[in-house]
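Participant: Please work out how this folds:
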Amino acid sequence: MSAAVKGSRAGYRGIVKDTQNFVANQDAEVLYNAMKGIGSDKETIIDLLTSRSNKQRQQVYVSYKTLFGRDLIDDLKYELTGKFERLIIGLMKPPAVYDAKELKDAIEGLGTDENCVIEILASRSNKQIHELTEAYKEVYESDLEADVVGDTSGHFKKMLVVLLQGTREEDDVVSDDLVAQDAKELYEAGELQWGTEESAFISILGNRSHCHLQLVFEEYRNISGSEIEESLRDELSGDFQKLMLAVVRCARNIPEYLASRLFKAMKGVGTRDNTLIRIMVSRSEVDMLDIREEFRKKYEKSLHSMIRSDTSGVYKRALLRLCGGDDDVAGEFFPEAAQVAYQIWELSATARVELRGTVRPAADFNVEADTKALRKAMKGLGTDEETLINIIPYRSNAQRQQLRKQFKSQLGRDLMADLKSEVGGNLQRVLLGLMMTPAHYDAKQLQKAMKGAGTDERVLIEILTTRTNQEIKDIKEAYQEVYHTSLEDDLGSDTSGHFKRLLICLVQGNREEQDADLARAMEDAKELCTSSDEESCSMESKFISILCTRSYPHLRRVFQDYIKLTNKDIEQVIKNEMSGDLLFGLIAIVRSIKNKASFFAERLYKSMKGAGTDDRTLTRILLSRSEIDLMNVRHEFKEMYEASLYSFIESDASDEYGRVLLIMCGGED
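Facilitator: Residues are numbered from 1 along each chain as shown. Model (predicted):
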């Protein structure tokens, strides 16, 4: 049986190609003049070196020495500095020498850059492995395998040694019997055994072809009911786990693996420039088009745009030349990515997702006992916060409402008022939020987002774009009851323009709820297509009208038909055509329709990444989704960020407040 490696495309998939009418001596003269005298013409250096293939650069290197008796790399090092120098020097080295240099830098000195070693050895072909080991020996007069063995240990070392042999099977003819045998052996070596038989994982993952392994992973899922990655996370640890996960991801799709490495290099505070440079240089003539495609599909933004926003100066300009093009620009959207976008909407349309919360009614709930315990915890000097934490977040909202009533009828006291006087800060905010009904809690969040100077539009968007018709109705009633004014009036006076129209449409709670009407879906898709050719005002009105009133199943079909008509995903069109708060609101609707749990997972991630924590967003989402779909949100968070929501909260929130959030989160994945 034959199989095709995922992520591979026919034809040349690099960005940098041989330039036409190439004359090495002319290029050498241009570079010499660019560095002659005081200062250097960095733009000329960028334009020339990023538009020549590596083979052509090597010819320029030889010509430079022949013409001027000077070493081009030495001159570039003298003239350039910092990250820009590292990138340009990387371009000047043959691929095998460059990989060898990266490995040498990763191994020597104090500590080892295991991530660099993993990335290179997991993603290179047999031929590339052989060439880089030879280059390493030639340049450093040392054996790469011996240096790796001397710098690593345990199963991590053993797997690296296997990969360094460069003996992975490469044919695409796969034996069904061997696939079944390998899947069974991996299952028995891991999940069925007390402890893990690492040698089986090393032997199979280190030697079988990528085509073969893809089928093994499918068979493994059939046998075990889980993906191989889940088992590796459960059974292995440390650098060995990271290496094996990288090998699996490369067996599935090398461009996707490298796209994720690039994203991690740029996300959050600071940039991992060594990783960014290494991948951009080493893949510019291999599969950069595929990496760009995978990046855009996975992160819904272009690699070009992320580099542009994360770097600066001549360094940025050189990176963007290696990237090639901006896939967010209208007309440059990959046909392959459009096909995948269509498939994602198809999956969204056909998937039957079971919504699962993390907080459930307490089985042994005793309202009188809880009432007494809560009163005792807040009576007298000091507060027994431990008791509050052991009761309130472990009860369902319906049970908490019983507690509020019982507290007043049994003790003549207001539980909310007592909590407000006894605890403070973030702990007070989360406990009071838990004691409110969902509708009253959302109403309060909306009112706080609008009162005072300035409006928190992101809160308005998050709540109003994700709630059901019934939830919207309940929120409006609660808002009127508590604040003695209508939510619609306050929204109307606090916002303006098309964003105001969007919110007013959403707050009606009149979204259709029936299944998709196929004929009408195509009409709606055509309406959205033609709107982009009309006046901006008309276009925005049509988007608001359709996206705010049609049912989720119907809109999923509309967005599929839109891709058929335009070869573009609706989200990208919104990003290109809209702006400001209207853009954010429409994108939130689209993402909520596509995968609401994923939308919330992203919001949670952004609330905790980088310096400081957006505690209000973190609290609001955990609290409002804890009895609806927080288990689904947890799953999406793990899939998107390769870390558990629990671990993020644990490292980001502390003390009793953090404990309450972890209880609502429901457990470690």
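Participant: just checking, what packs against the helix or strand of the chain with the lowest mean pLDDT?
Facilitator: Of all helical and strand segments in the chain, the minimum by mean pLDDT, DSSP states H and E falls on helix 335-350, at a mean of 75. Using 3 or more Cβ pairs under 8 Å, 6 or more residues apart in numbering; DSSP states H and E as the contact definition, the elements that helix 335-350 packs against are helix 288-299, helix 552-566, helix 580-608. No exception for glycine: its C-beta is placed from N, CA and C like everyone else's.
Participant: Counting by contacts, list what the helix or strand containing residue 651 packs against.
Facilitator: If you go by DSSP states H and E, residue 651 is part of helix 645-652. Applying 3+ Cβ pairs under 8 Å, 6+ apart, one finds that helix 645-652 contacts helix 580-608, helix 615-625, helix 630-641, helix 655-665.
Participant: Swap in 6 Å and give it another go.
Facilitator: helix 655-665 (3 or more Cβ pairs under 6 Å, 6 or more residues apart in numbering; DSSP states H and E).
Participant: Would you mind listing the buried residues in the helix it packs on?
Facilitator: 656, 657, 658, 659, 660, 661, 662, 663, 664, 665 (16 or more other Cβ atoms under 10 Å).
Participant: which two in the residues you listed are spaced the farthest apart?
Facilitator: Largest separation among the buried residues of helix 655-665 by Cβ to Cβ: 656 and 665, giving 14.9 Å.
Participant: tell me which residues of stretch 467-479 are tucked away?
Facilitator: Buried residues in stretch 467-479 (16+ other Cβ under 10 Å): 467, 471, 472, 473, 474, 475, 476, 478, 479.
Participant: relative to helix 615-625, how tilted is the helix or strand where the second one lies?
Facilitator: For residue 471, the enclosing helix or strand under DSSP H and E is helix 469-483. Between helix 469-483 and helix 615-625, the angle formed by their directions is 120 degrees, by axes from the mean of the first three to the mean of the last three Cα atoms, to 10 degrees.
Participant: For helix 469-483, which outside residues touch it?
Facilitator: 439, 440, 442, 443, 447, 486, 487, 509, 511 (Cβ atoms under 6 Å, 6 or more residues apart in numbering).
Participant: redo that, cut-off 10 Å
Facilitator: 436-447, 451, 463-464, 467-468, 485-490, 506-513, 624, 628 (Cβ atoms under 10 Å, 6 or more residues apart in numbering).
Participant: for it, what is the average pLDDT?
Facilitator: Across helix 469-483, pLDDT averages out at 97.
Participant: Could you pull out the strands in this structure for me?
Facilitator: In the chain, no strands are defined using DSSP state E.
Participant: pLDDT below threshold where in it?
Facilitator: 1-10, 109-110, 192-196, 328-337, 532-537 (pLDDT under 70).
Participant: what's the distance between the nearest residue to residue 485 once chain neighbours are set aside and residue 489?
Facilitator: Excluding its sequence neighbours, the residue lying closest to residue 485 (Cβ to Cβ, 6 or more residues apart in numbering) is residue 479, at 7.7 Å. Going from residue 479 to residue 489 by Cβ to Cβ, to the nearest Å gives 10 Å.
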